[in-house]
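*Asks:* With the input below, show me the fold.
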Amino acid sequence: MDEEEKASYRKAGDIAKDVREWSRGLVKPDAKVFDVAGQIESRIKESGGEMAFPVNICINDITAHYTPRAGDETKIRERDVVTIDLGVHINGCIADTAYTMDLSGDYGGMLRANEEALSSVIESIKPGISTGDLGEVVQSTLEDAGYKPIENLTGHEVKQYNLHAGISIPNVPVSYEKEIEEGMVLAIEPFATDGAGRVIESKQAEIFSLEELRPVRMRDARIMLNEIEKTRKALPFAARWFSKKISPLRLNILLRDLTSQGILHKYPILHEKEGGVVSQFEHTLIVTEDGCEVTT
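*Replies:* So this is what the prediction gives:
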C-alpha cells in the first residue's frame, strides 16, 4: 500500500468516525429511518466523502442490509435496539463502521460484551495470526458474558472499490483458517445476540451491487447500469437512490430482471433466526508490522 492510498483510507476513516458520532443524536423515538439514513448520507457527502454503501439501520432482530425504501414510513420506537452501519470511501478506499444504541435500557450488558469483543479482536490482530483464532476471541468473549455471536456473519477484508474482498473474519472458530498479513485492510464486526446466533434471509432487498456489466436491450436499464458503473463500480447502492429518476413500479421490474440475469447482486435483509435482539460494533483497520492502525 503506497502512502497516497493509506492517506485515503485514513481520510475516509476520519470522516466515518465523525459522522458516526454525530449520527448518535439522530437515533431517538419517532425518528423516521428514511430521514435518519438521508441525513447521514448527506453528512458524509458534506464532509467530503462518498458512500461506500447505503446506510443500514437495523432494529431489534433485523441484523443487516436494512436500508429504507423510498417513502419508508418506519419509525424508531421508544424501546428499540438500533444499529447504524455506515461506510465512507475516498477514491475507493473504504471505512466501514457501526454501533448499536439501546433505547430500552435492557441490553446494556450485551452491548458492553459486544464492544469488548471488538476491542479484544483489535488487540489480537497482527501479521501471522489466524482468522480462526480471531473467531475464538469473539465467541469466548460473548459466551462468557452470556450471549452468542452470529455464526454465519463475518467481518471482511476491503480493497479499493471492493467492500467484501479477500478473506473473511469469522465470529466463531472455523476450519477454513487464513493468516492475517501486513498491509491488509480489515472491517472487524462482531455481532451479539440473545437469540439462536444465526441469521436467515428475508425476501425483501433494497441494496444491490453491480455483478457483471453486460449489454441489455432496455434503454432505461442501460442508462441505470451506466450510472451505476460510473458512480459505484462494484460498491453497493440503494434502490431509493434511483426513485426520483425511475417510477417505483418500473424500478422494481428493472431490479428484479437485472438480478435474475446475474447483472446485479441483491443483498436480502437478514433477521436473527429466533427473533433475538442483535447488536453490532465495527471498526476498520490497517494491519501493521506489529499490530494494527484503527482508521475509524
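*Asks:* Quick test: name the residue nearest the centre of the chain.
*Replies:* Asp85 (5.1 Å; CA atoms, centre = their mean).
*Asks:* shaky segments in the stretch 101-250 of the chain?
*Replies:* For the stretch 101-250 of the chain, applying pLDDT under 70 flags no range at all.
*Asks:* The stretch 151-296 of the chain: strands as residue ranges?
*Replies:* Residue ranges of the strands in the stretch 151-296 of the chain, as given by DSSP state E, counting those that start in this stretch, are 154-159, 162-170, 185-188, 191-193, 199-210, 237-238, 264-272, 278-280, 283-287, 292-294.
*Asks:* Among the ones you listed, which comes closest to Ile40?
*Replies:* Closest approach to Ile40 among those is made by strand 237-238 (12.1 Å; CB to CB). (Glycine included, C-beta is placed from N, CA and C.)
*Asks:* How far off centre is that closest one?
*Replies:* 12 Å (CA atoms, centre = their mean, to the nearest Å).
*Asks:* What strands flank it, and is each parallel or antiparallel?
*Replies:* The partner list of strand 237-238 in its sheet, established with DSSP bridges, is strand 199-210 (antiparallel).
*Asks:* what angle sits between the strand it pairs with and strand 264-272?
*Replies:* 160 degrees (axes from the mean of the first three to the mean of the last three CA atoms, to 10 degrees).
*Asks:* quick one: contacts of strand 199-210?
*Replies:* 53-54, 63-69, 150, 152-153, 225, 228-229, 232-240, 255, 259, 263-273 (CB atoms under 8 Å, 6 or more residues apart in numbering).
*Asks:* again, only this time at 6 Å
*Replies:* Contact with strand 199-210 is made by 54, 63, 65, 67, 69, 150, 152, 228, 234, 236, 238-239, 264-273, as judged by CB atoms under 6 Å, 6 or more residues apart in numbering.
*Asks:* for the record, mean pLDDT for the helix or strand that contains Pro54?
*Replies:* For Pro54, the element it lies in under DSSP states H and E is strand 50-59. Taken as a whole, strand 50-59 carries a mean pLDDT of 99.
*Asks:* returning to that earlier point: spit out the contact partners of the residue nearest to the centre of the chain.
*Replies:* Neighbour list for Asp85: Asn56, Ala98 [criterion: CB under 6 Å, 6+ apart].
*Asks:* From Ile40, how far out is it?
*Replies:* As judged by CB to CB, to the nearest Å, Asp85 and Ile40 stand 10 Å apart.
*Asks:* Beta-bridge partners for the residue nearest to the centre of the chain, please?
*Replies:* Under the criterion used (DSSP bridges), Asp85 bridges to Asn56, Ala98.
*Asks:* Quick one: distance of stretch 186-194 to the chain centre.
*Replies:* 10 Å.
*Asks:* got a list of what Val88 touches?
*Replies:* Val88 makes contact with Ala12, Ile15, Ala16, Ile44, Gly49, Ala52, Ala95 under the criterion CB under 6 Å, 6+ apart.
*Asks:* Check which helix or strand it maps to.
*Replies:* Element membership for Val88, per DSSP H and E: strand 81-90.
*Asks:* May I have that strand exported as CSV, CA atoms only?
*Replies:* Extracted C-alpha coordinates of strand 81-90, given in CSV (Å, rounded to 0.1, in the frame of the first residue of the first chain):
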residue,chain,number,x,y,z
VAL,A,81,-32.4,-1.5,19.9
VAL,A,82,-31.0,0.3,16.9
THR,A,83,-27.8,-0.4,14.9
ILE,A,84,-26.3,2.2,12.5
ASP,A,85,-23.8,0.8,10.0
LEU,A,86,-22.2,3.3,7.7
GLY,A,87,-19.4,3.4,5.1
VAL,A,88,-17.3,6.1,3.6
HIS,A,89,-14.9,5.9,0.7
ILE,A,90,-12.2,8.3,-0.7
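*Asks:* pLDDT of that strand, averaged?
*Replies:* Taken as a whole, strand 81-90 carries a mean pLDDT of 99.
*Asks:* So which residues of the stretch 101-250 of the chain form helices?
*Replies:* 108-124, 131-144, 219-231, 248-260 (DSSP state H, counting those that start in this stretch).
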